[in-house]
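Peer 1: got a structure for you, letters missing:
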């Protein structure tokens with residue numbers, strides 16, 4: 001089996017997408033915005049960005 005060197009990065013991207021979409025939906029419900037698709041896309045984009053940053057930081061700490 002091949003060892004995955006970017007274990008946290010590959011876990012962080014999909015988790016960030018899922019949590020970002022959930023947060024976007026919750027914000028849309030609270031704010032009562034009309035553009036529902038925009039909230040989902042914005043939440044997913046920000047969640048993916050946070051997942052990439054967190055995964056990269058965790059992977060760089062494991063390589064030391």
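Peer 2: Received, thanks. Since the model is a prediction, treat every value here as computed from it, not as a measurement. Numbers count the residues shown, from 1 in each chain.

Peer 1: pLDDT averaged over stretch 43-63 - what is it?
Peer 2: When pLDDT is averaged along stretch 43-63, the result is 89.

Peer 1: What lies in contact with it?
Peer 2: With contacts defined as CB atoms under 8 Å, 6 or more residues apart in numbering, stretch 43-63 is touched by 5-25, 27. Glycine gets a C-beta too; all of them are placed from N, C-alpha and C.

Peer 1: I'd like to know how far residue 36 sits from residue 48.
Peer 2: 19 Å (CB to CB, to the nearest Å).

Peer 1: Residue 42 now?
Peer 2: Taken as CB to CB, the span from residue 42 to residue 48 is 11 Å.

Peer 1: if you count what's nearby, which of these two comes out ahead?
Peer 2: The neighbour comparison of residue 42 against residue 48 (other CB atoms under 10 Å) goes to residue 48, with 20 against 17.

Peer 1: and that one, backbone torsions?
Peer 2: For residue 48, the backbone dihedrals (degrees, to the nearest 10) come out as phi -70, psi -40.

Peer 1: Quickly find the element holding residue 25.
Peer 2: Following DSSP states H and E, one finds residue 25 within helix 7-31.

Peer 1: So residue 33, which state does it fall into?
Peer 2: coil (DSSP: H, G, I helix; E, B strand; the rest coil).

Peer 1: Which of the contacts of stretch 43-63 are buried? Put it as a ChimeraX command.
Peer 2: Per 16 or more other CB atoms under 10 Å, the buried members of these correspond to this ChimeraX selection:
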select :8,9,12,13,15,16,17,19,20,21,23,24
